[in-house]
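In: just a sequence and a predicted model for now, questions to come.
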Amino acid sequence: MSTDVMIKANALSKRFGNHRALDNVSFEVRRGEVVGFIGPNGAGKSTTMRILTCFISPSGGSAAVSGFDVFDDPLNVRRSLGYLPQRAPLYTDMSVWEYLRFTAEIRGLGEDTFKARLKKVVEVCGLAQTLNKDIATLSHGYRQRVGLGQALIHDPPILILDEPTSDLDPNEKAEVLKYIKEIGKDRTILLSTHNLAEVEEACARAIIVSKGRVVADGALDNIRSKGSRINYTVTIDERHAEGGHQPPSAKEVEDALAKLKGLQGVKELPTDERAHSFLLSGAKDTDLRAELFRLAVQRGWTLLELRRESQSLDAVFKDLTRRDEKLDRGDDWSGAYDGAEDEDEDEDDEDGEEQSAGPDDAAEGKN
């Protein structure tokens, strides 16, 4: 594996009984990348992260972190990363200081190194006023800060963060995201979150998973371009018109826009009383700006704004995961169930020996 590849998943699969949580998941994360790992609930994000952090083993495929195989060399994998699970397990009978000191000792940090790292962790996680408090007395938001602190205490080159801003207030989220961007300049971060705005703020690349499969992987701009539509924002002055025309009403503008060839949708946007604004959608292989401009000239409209942009990350995310959501809601569920059952039977036949061997038990034995 290239020394620049810090996390590598190769055809990972994971089964829990008849349920397939991961299905042939492959991706790489390189040194210095901050990658958003996103998907709906049940998509397989946490399962993937638990495999990468050696908490469970895959049913098939392989994975390596910092060049170390997660099955064959779990101790070196754990030394090279910091992990914050979605619900960080904490020793609630300890104070915050005792817990961070305990995790530092497990990591082999000396006293001087611990003090230096503690100062940085306290600053980043906002723990100065809670160091002497028992963890049992803290709110969930503060417990999440403590969990992030233990992931950072040994200054690892790789961070795997599962919903790190969960239950934090807006100011806390902003501080954590700011730090993630800062430390991402010289280390690798895999960030799982449901908040797509956080991905757009902190990450240059995203991996989208749905029902255990990777459905998109790339730079955010490239993922946005996978959308089936292009959006246009058109704003027309409602007070003035040219060439002797009367200023248009919102209904007149909407009716004229709706007749444009290649248009897929028109939606009026809220605005002030001095303009009419509309969100239009068209096929991604077309450009309606020239037609929109000519229409405005012909009608004598004063064009205040004309903007073309790809779909938002949120819209593309919904497009890529919509089919699986429909199945969850019961659309065509019988066919999906029959197909899944057949697939499960086939895979059980192929992997029966491995399943009977108990891969999780084997992993625990090695770990």
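Out: Nice, thanks for sending it over. No experiment lies behind these values; they were computed from the predicted model shown.
In: which parts of the stretch 251-367 of the chain are strands?
Out: With DSSP state E, counting those that start in this stretch as the criterion, the stretch 251-367 of the chain has strands at 263-269, 275-283, 301-310.
In: and the pLDDT at the spatially most central residue of the chain?
Out: The centroid of the chain falls nearest to Ile38 when counting by C-alpha atoms, centre = their mean (2.8 Å). With respect to pLDDT, Ile38 scores 91.
In: any idea how far Leu196 is from it?
Out: Going from Ile38 to Leu196 by C-beta to C-beta, to the nearest Å gives 7 Å. (Each C-beta comes from the backbone N, C-alpha and C, glycine too.)
In: ok, Val146 next?
Out: The gap separating Val146 from Leu196 is 26 Å, by C-beta to C-beta.
In: so between these two, which is more surrounded?
Out: Using other C-beta atoms under 10 Å, the more surrounded residue of Val146 and Leu196 is Val146, with 24 against 19.
In: give me the buried positions along the helix or strand where the more buried one lies.
Out: If you go by DSSP states H and E, Val146 is part of helix 140-152. Residues 142-152 are the ones in helix 140-152 that count as buried (16 or more other C-beta atoms under 10 Å).
In: and for stretch 25-38?
Out: Buried residues in stretch 25-38, counted by 16+ other C-beta under 10 Å: 25, 27-29, 31, 33-38.
In: between the buried residues of helix 140-152, which sits nearest Leu12?
Out: Of all the buried residues of helix 140-152, Leu12 sits closest to Ala151, with 22.2 Å by C-beta to C-beta.
In: what's the closest non-adjacent residue to that closest one?
Out: Nearest non-adjacent residue to Ala151, counting by C-beta to C-beta, 6 or more residues apart in numbering: Gly82, 3.5 Å away.
In: need the contact list for the one you found.
Out: 150-154, 156, 158-160 (C-beta atoms under 8 Å, 6 or more residues apart in numbering).
In: do Arg145 as well
Out: The contact partners of Arg145, by C-beta under 8 Å, 6+ apart, come to 125-127, 130, 168, 172.
In: how does the protein divide into domains?
Out: Here the domain assignment for the chain is 5-80+156-224, 229-310, based on automatic domain parsing.
In: just name the most buried of those domains.
Out: Among the domains of the chain, domain 5-80+156-224 has the highest mean neighbour count (mean count of other C-beta atoms under 10 Å), at a mean of 19.
In: was I right about Leu152 contacting Val124?
Out: Yes: the pair Leu152 and Val124 qualifies as a contact (C-beta atoms under 8 Å) at a distance of 6.9 Å.
In: so what's in contact with these two at the same time?
Out: By C-beta under 8 Å, 6+ apart, Leu152 and Val124 have no common neighbours.
In: out of the contacts of Gly82, who's nearest Ile7?
Out: When those are ranked by distance to Ile7 (C-beta to C-beta), Ile158 comes first, at 6.8 Å.
In: any idea how far the nearest residue in space to that closest one that is not next to it in sequence lies from Ala250?
Out: Distance criterion C-beta to C-beta, 6+ apart; nearest residue to Ile158, sequence neighbours excluded, is Leu81 at 4.1 Å. In this view, Leu81 and Ala250 are 55 Å apart by C-beta to C-beta.
In: do a quick rundown of the helices in the chain.
Out: 45-52, 74-79, 96-106, 111-125, 140-152, 170-183, 196-202, 220-224, 250-258, 289-299, 313-328, 333-357, 359-366 (DSSP state H).
In: can you list the neighbours in contact with the third one?
Out: Applying C-beta under 8 Å, 6+ apart, the set of residues contacting helix 96-106 from outside is 90-91, 94, 113-114, 117-118, 121, 127, 130-133, 135, 138, 146, 149-150, 153-154.
In: ok, now the first one?
Out: Contact partners of helix 45-52, identified using C-beta under 8 Å, 6+ apart, comprise 7, 9, 12, 14, 21-22, 25, 37-39, 56-58, 63, 65, 70, 77, 81, 83, 85-86, 160, 162, 190, 192, 209, 212.
In: strands - which of those residues land there?
Out: The members of these that map onto strands under DSSP state E are 7, 9, 12, 14, 21-22, 25, 37-38, 63, 65, 81, 83, 160, 162, 190, 192, 209.
In: now the residue located most distally from the centre of the chain. Nearest residue, chain neighbours left out?
Out: Distance from the C-alpha centroid of the chain, by C-alpha atoms, centre = their mean, peaks at Gly244 (52.6 Å). Excluding its sequence neighbours, the residue lying closest to Gly244 (C-beta to C-beta, 6+ apart) is Gly300, at 7.2 Å.
In: quick one: contacts for the one you found?
Out: Listed by C-beta under 8 Å, 6+ apart, the contact set of Gly300 reads 241-245.
In: separation between it and Glu268?
Out: With distances taken as C-beta to C-beta, Gly300 is found 20 Å from Glu268.
In: same check on Leu75?
Out: Using C-beta to C-beta, Leu75 is found at 60 Å from Glu268.
In: likewise for Val199?
Out: From Val199 across to Glu268, the span is 29 Å (C-beta to C-beta).
In: what about the stretch 201-350 of the chain, any weak spots by pLDDT?
Out: Along the stretch 201-350 of the chain, the model assigns pLDDT under 70 to residues 227-228, 311, 323-350.
In: does Leu161 touch Gly184 like I think?
Out: No: using C-beta under 8 Å, Leu161 is not in contact with Gly184; the gap is 10.9 Å.
In: now do the contacts for the residue nearest to the centre of the chain.
Out: Contacts for Ile38 (C-beta under 8 Å, 6+ apart) come out as 45, 192-194, 196, 199, 206-209, 317.
In: that one bridge partners, please.
Out: Beta bridges link Ile38 to Ile208 when assigned by DSSP bridges.
In: do you know how far Leu190 is from Glu105?
Out: 26 Å.
In: that should have said Arg322, apologies.
Out: Taking C-beta to C-beta, one finds Arg322 at 48 Å from Glu105.
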